[in-house]
Each structure stands twice: as structure tokens, then as C-alpha cells.
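Undergrad: heads up, no residue letters with this:
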């Protein structure tokens, strides 16, 4: 049972990265609970619709590249939530079109499971480096 939960969490994180990279904002909005909290380096957004709007504003086609999420630690709680900490790197095309590191940092997440689906209840992005 715990292994299935961990797999579901890892799938959410991978889906999040791919949806960001692909500009699939309908999918991204569904990954957040309706009352979710998003902190992007101190800029706060509340609710799935507001989070979607901010991600759409930030992730214009020319700014999309690849997100890599790694070093994920997961702590399952008995109330259907999980604390998740991950490192990330975001790559964007440079002037020559080659992918280059754009930023790196940490995600601190509180996820909630409803049925077999995990969603972000709280997503905090801390940048350690911006290039």
C-alpha cells in the first residue's frame, strides 16, 4: 500500500514537470486542489485557478524547456497527506537554441490523496540559483 502511494506521488511530480514543459495548463490546474497554496519565491497564489493563471503567465512558449526533479524525499502521513521535498533544475533554450540551466532549487510540497489521486495542497518553490 505505501509503495502504491509513493508511486502515485512520483507520478504526480513527473506529470507536473512534463505539463509545465509542454504548456498544458488545463492539466496543471487539475494537479492543484481548489484551495491550494503556491509560494513562488515569496510570491503567493491561492486556489487552483490563480495558480494556473500565474503558471501560464510565467511559462510562455519561449520560456519553456525542461524541468528535472530529483532527490525526492517522501513522508507519508496517516491523514491522507504526504510531505515531499525535491530538488529541481529548469533548463531553457539559450540564444543558440541549446538547453542551458535557467534555475535550480527546492520544492517543498504538501500533497493530499483523494481516492487514488494525489494533488498539491501546498507547493513552495525556493530558488537556490538563477542563471
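TA: Structure received. All figures in this text were calculated on a predicted structure; none of them were measured in a lab. Residues are numbered from 1 along each chain as shown.
Undergrad: name the helix or strand for the closest residue to residue 99 other than its chain neighbours, please.
TA: Excluding the flanking residues, the one nearest residue 99 by C-beta to C-beta, 6 or more residues apart in numbering is residue 91, at 4.2 Å. (C-beta placed from N, C-alpha, C; glycine too.) Using DSSP states H and E, residue 91 maps to strand 81-93.
Undergrad: hmm, who's touching that strand?
TA: 5, 9, 13, 17, 62-77, 99-113, 118, 121 (C-beta atoms under 8 Å, 6 or more residues apart in numbering).
Undergrad: after that strand comes which helix or strand?
TA: Following strand 81-93 in sequence order, the next helix or strand is strand 99-114 (DSSP H and E).
Undergrad: got the buried residues for the helix or strand following that following strand?
TA: Of the helices and strands lying after strand 99-114 in sequence (DSSP H and E), the nearest is strand 117-130. Neighbour-count burial for strand 117-130 flags 118, 119, 120, 121, 122, 123, 124, 125 (criterion: 16 or more other C-beta atoms under 10 Å).
Undergrad: would you reformat these as JSON lines and include distance to residue 29?
TA: Shown next, in JSON lines, are the buried residues of strand 117-130 (distance: C-beta to C-beta, whole Å):
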{"residue": "118", "distance to residue 29": "15"}
{"residue": "119", "distance to residue 29": "10"}
{"residue": "120", "distance to residue 29": "11"}
{"residue": "121", "distance to residue 29": "14"}
{"residue": "122", "distance to residue 29": "16"}
{"residue": "123", "distance to residue 29": "13"}
{"residue": "124", "distance to residue 29": "18"}
{"residue": "125", "distance to residue 29": "17"}
